[in-house]
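Peer 1: Got a predicted model here, sequence first, then my questions.
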Amino acid sequence: MNKYITAPITKENREALRAGDYVYLSGTIYTARDAAHKRMQESLERGETLPFDVNDNIIYYMGPSPAREGRPIGSAGPTTASRMDKYTPRLLDMGLAGMIGKGKRSDQVLHSIAANGAVYFAAVGGAGALLSKSIVSSEVVAYEDLGTEAIRRLEVKDFPVIVVIDSEGNNLYETAVKPIAD
């Protein structure tokens, strides 16, 4: 089923999503990859606040290529989500509503998604140039020295994703490969 939702996403919107739903996101999302997640973790360990409020927000695991003239961002394809798994449960406990990436998640992250009523979306890998067309603006908000791994605030319009793990823990990567009973 196709759904159109605005980010940040409310608990009610998350609860209405089901694994396998096609979603078109509009609104504000944030980017963060390995190095940014490590810095956020270190900040939390020092008792500092994060550079943006994760509550009800979505993190897109992506590091863009340089923007072409007249565009807010270059190619913007997803990176492998499992590289962020060691940082994810803490962010989910802090209210992170969702993540966008590609690939499977650990059992610990899967349980944390369900426990916190969050959502894991997949974006199509290899389609970064196409995905960038849904990004209206891009602004570095933290860790500029990390270059493409800096945290960015993106404004998106009809950004296409698929719900892979819904707020109840249903996992499309598991159900899509189950044989159909006769």
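Peer 2: Thanks, I have the structure now.
Peer 1: switch to C-alpha atoms for all contacts and neighbour counts from now on
Peer 2: Will do.
Peer 1: Which residue ranges of the protein form strands?
Peer 2: 2-7, 22-31, 58-60, 98-101, 119-122, 135-142, 151-165 (DSSP state E).
Peer 1: Including mean pLDDT, could these go into a markdown table?
Peer 2: Compiled in a markdown table, those are given as follows (pLDDT from 0 to 100):
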| stretch | mean pLDDT |
| --- | --- |
| strand 2-7 | 96 |
| strand 22-31 | 97 |
| strand 58-60 | 98 |
| strand 98-101 | 97 |
| strand 119-122 | 97 |
| strand 135-142 | 95 |
| strand 151-165 | 97 |
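Peer 1: closest to Ala76 out of these?
Peer 2: Among the strands of the chain, strand 135-142 comes nearest to Ala76, with 8.7 Å by CA to CA.
Peer 1: To Ala67, which of the strands of the chain lies closest?
Peer 2: That would be strand 135-142 among the strands of the chain, by CA to CA, at 9.8 Å.
Peer 1: helices and strands around that closest one, which ones?
Peer 2: Where contact means 3 or more CA pairs under 8 Å, 6 or more residues apart in numbering; DSSP states H and E, strand 135-142 is packed against strand 151-165.
Peer 1: and the strand it packs on with strand 135-142, angle?
Peer 2: Per axes from the mean of the first three to the mean of the last three CA atoms, to 10 degrees, the angle that strand 151-165 makes with strand 135-142 is 120 degrees.
Peer 1: contacting residues for Asn2?
Peer 2: Contacts for Asn2 (CA atoms under 8 Å, 6 or more residues apart in numbering) come out as 21-24.
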